[in-house]
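Novice: Predicted coordinates and the sequence they were generated for:
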Amino acid sequence: MYLLKLLRNNLPPEYHIYSPNTDHGDSLLENEMREIKPDIIIKKDNRVVMIIDAKYKNYTRFGRTAEFGIQREDLYQMSTYLYHYGKENQTITGIFTSPVQCIDNDIHTYSGNKNHKIGLVNMNIVDAHDDISLIHEYEDKYINKIRSLLK
């Protein structure tokens, strides 16, 4: 909810930012089987342009393998979101966000679909502790990175 509010308060009004976790999610299969609920969905012009999945894990880099980055089950989860919400010939980006310092703050393109992108954009609030000015600095950096990805 913290990230949701932060994004709503800081992204331009043409973006619709919401969380399916507060309501029913979309059905992945017919007959309303297997509901999926990304943490945050960002829409523009009535189409999903970004999905954000907050992880309370020490994801410091995307990594070539789960040993040095995003775990396989999280990668598959985001891939499902991108497949479900992505529209043909339109770009959609899936972002993992962790509360730690990020080594690799970059975005990768899927080999099978050049319109699907995935990456890690962290907001290092763990290191900020109780330093409000530092937390605001990290929030600003996070918002600026998300803004740049939405362009």
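Specialist: Everything's here; your move.

Novice: Quick check: buried residues in stretch 5-14?
Specialist: Buried positions in stretch 5-14, judged by neighbour count with 16 or more other CB atoms under 10 Å: Leu6, Leu7, Leu11. Quick note: C-beta positions are derived from backbone N, CA and C, even for glycine.

Novice: Point out the other helices and strands that the longest helix along the chain packs with.
Specialist: As assigned by DSSP state H, the longest helix anywhere in the chain is helix 132-150. Judged by 3 or more CB pairs under 8 Å, 6 or more residues apart in numbering; DSSP states H and E, helix 132-150 is in contact with helix 2-10, strand 47-54, strand 92-97, helix 125-128.

Novice: again, 7 Å this time
Specialist: Judged by 3 or more CB pairs under 7 Å, 6 or more residues apart in numbering; DSSP states H and E, the packing partners of helix 132-150 are helix 2-10, strand 47-54, helix 125-128.

Novice: With mean pLDDT as new columns, can the ones you listed be given to me in CSV?
Specialist: Conversion of the helices and strands packed on helix 132-150 to CSV gives the following (pLDDT from 0 to 100):
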stretch, mean pLDDT
helix 2-10, 96
strand 47-54, 97
helix 125-128, 84
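
Novice: Can you tell me which helix or strand of the chain has the lowest average pLDDT?
Specialist: Lowest on mean pLDDT, DSSP states H and E among the helices and strands of the chain sits strand 26-29, with a mean of 69.

Novice: Kindly state the pLDDT recorded for Thr22?
Specialist: As predicted, Thr22 sits at a pLDDT of 69.

Novice: State the next helix or strand along the chain beyond the least confident helix or strand of the chain.
Specialist: strand 33-36 (DSSP states H and E).

Novice: State the mean pLDDT of that next one.
Specialist: pLDDT averaged over strand 33-36 gives 76.

Novice: hang on, the earlier thing: can you list the helices and strands packed on helix 132-150 in JSON lines and add distance to Gln71?
Specialist: Formatted as JSON lines, those follow (distance: least, CB to CB, whole Å):
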{"stretch": "helix 2-10", "distance to Gln71": "20"}
{"stretch": "strand 47-54", "distance to Gln71": "12"}
{"stretch": "helix 125-128", "distance to Gln71": "19"}
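
Novice: who wins for proximity to Thr60 among those?
Specialist: Closest to Thr60 of those is helix 125-128 (CB to CB; 10.9 Å).

Novice: still on that earlier bit, report the buried residues of the longest helix of the chain.
Specialist: Ile135, Tyr138, Glu139, Tyr142, Ile143, Lys145, Ile146, Leu149.
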